[in-house]
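Participant: dropping a prediction and its sequence here:
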Amino acid sequence: MREATRALKFKNNSLALDTTDLKILEALQEDAKQTYTAIGKRLGIAHSTVYDRIKRMEQYGIIRKYTTVIDAEKAGAKNITAIMTIYTDPKESEKVAEKLCKAPEVLEVYTSLSEELQIIAKVVAENQESLHEFIANLVAPLPGVLRIRTSIVTKKFKETQFSIGNDQKKLTFIRETHNKMGENKP
Amino acid sequence: MKEESISRILRTLPREKAFYFFTSIGNYTGESAASLKEFMGKISEANLKSLEFHLYRGDFEKWIAETLEDGELATEIGNLRSQNYSGTVLKEHLYNILTKHYEKLISKF
């Protein structure tokens, strides 16, 4: 009973992922251009199983999209990246965050609660002047914005997305849970 | 200067056209001014770093000329830039220019 409750933690929109699903996700995160056959061969399962599992994870929104990670610098883009911390009136913060999401300059938006309610956003701009123009003309005037702190990124040490394969604890835990429940036979 | 022009300079602007005070690129202080009168008040209380930042970037001149549409005041503030003032001396000069100009406009209105 306890195991069954714990397994529910891994349900996402009513779809419980097993070790095979996680391994497929891991393979896709490494290289989304791989064929179903290649993934199946690697995991020792039929390509039709890989196909079914992927389609199911797409339907449930676990796989949101397939995209290309580009090196903007090598592509010739000379952009600057900045992290904005926007202190807001709590009543207006949702609206401020929603407005920011609509701006193409804004790549990521988060809310955070420390002493005050903050919105943290990652922004790109062509140069410092266009960054300032964007913040002064489009962010500062938004109702509920109390003040803004901006840090321009000078050097990037790491940038990656969450990888299911990096979450070894979760993989091990799921494997153990499914083995105990008799759902994952080697 | 015509009464119509003075009235235009002294109007209160919509929020999106206000002047927003920053201390450096992207660092907004939370202070803004939506009219010449309010701008004058904010200048007297503003962070000195903010005044230096905007004056030497030409932001004050630009907003006064393009948004308030007061070319005469914009030129006066532009001239202040060549004096290389900083800190409280800059604040005093800026505030004096603004108050004199504001009083002149009010007297003609």
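Facilitator: That came in fine, so what should we check first?
Participant: now the residue of chain A found nearest chain B. Nearest residue, chain neighbours left out?
Facilitator: At 2.8 Å from chain B, residue A:150 is the closest residue in chain A, using Cβ to the nearest Cβ. C-beta coordinates here come from the backbone N, C-alpha and C atoms, glycine included. Distances taken as Cβ to Cβ, 6 or more residues apart in numbering or on different chains place residue B:26 nearest to residue A:150, at 2.8 Å, with adjacent residues excluded.
Participant: what about the helices in chain A?
Facilitator: Assigned by DSSP state H, chain A shows helices spanning A:2-8, A:19-30, A:36-43, A:47-59, A:93-102, A:128-134, A:168-181.
Participant: does any bit of the fifth one sit next to chain B?
Facilitator: No: in this structure, helix A:93-102 remains apart from chain B according to Cβ under 8 Å from any Cβ of the partner chain; the gap is never smaller than 12.2 Å.
Participant: could I get the buried residue list for that helix?
Facilitator: Across helix A:93-102, burial judged by 16 or more other Cβ atoms under 10 Å in any protein chain shown covers A:93, A:96, A:97, A:99, A:100.
Participant: low-confidence ranges, chain B, go.
Facilitator: Counting by pLDDT under 70, chain B contains no low-confidence range.
Participant: what residues does it have near chain A?
Facilitator: Near chain A, when you scan chain B using Cβ under 8 Å from any Cβ, you find B:15, B:16, B:18, B:20, B:22, B:25, B:26, B:27, B:28, B:29, B:30, B:32.
Participant: of the residues you listed, buried ones?
Facilitator: Buried members of the residues of chain B next to chain A, scored by 16+ other Cβ under 10 Å, are B:18, B:20, B:22, B:25, B:26, B:27, B:28, B:29, B:32.
Participant: between those, which is closest to chain A?
Facilitator: Nearest to chain A among these is residue B:26, at 2.8 Å by Cβ to the nearest Cβ.
Participant: list the buried residues for stretch B:81-93?
Facilitator: Using 16+ other Cβ under 10 Å as the test for burial, stretch B:81-93 gives B:85, B:90, B:91.
Participant: in strands, which of the buried ones among the residues of chain B next to chain A fall?
Facilitator: Counted as lying in strands by DSSP state E, out of these, are B:20, B:22, B:27, B:28, B:29, B:32.
Participant: what's the pLDDT at the closest residue to the first one other than its chain neighbours?
Facilitator: Pointing back at residue B:20 there. Using Cβ to Cβ, 6+ apart and skipping residues adjacent in sequence, the residue nearest residue B:20 is residue A:140, 4.2 Å away. With respect to pLDDT, residue A:140 has a value of 97.
Participant: how near is residue A:140 to residue B:28?
Facilitator: Per Cβ to Cβ, to the nearest Å, residue A:140 is found 5 Å from residue B:28.
Participant: show me what contacts residue 23?
Facilitator: I'll assume chain A. Neighbouring residues of residue A:23 by Cβ atoms under 8 Å, 6 or more residues apart in numbering or on different chains: residue A:43.
Participant: please go with chain B instead
Facilitator: Residues in contact with residue B:23 (Cβ under 8 Å, 6+ apart) are B:29, B:47, B:49, B:50, B:53.
Participant: can you pull the residues of chain A lying near chain B?
Facilitator: Selection of chain A residues close to chain B by Cβ under 8 Å from any Cβ yields A:82, A:84, A:87, A:128, A:131-132, A:135-137, A:139-141, A:143, A:145-150, A:152.
Participant: among the helices of chain A, which is nearest residue B:7?
Facilitator: Minimum separation from residue B:7 across the helices of chain A (Cβ to Cβ) falls at helix A:128-134, 29.5 Å.
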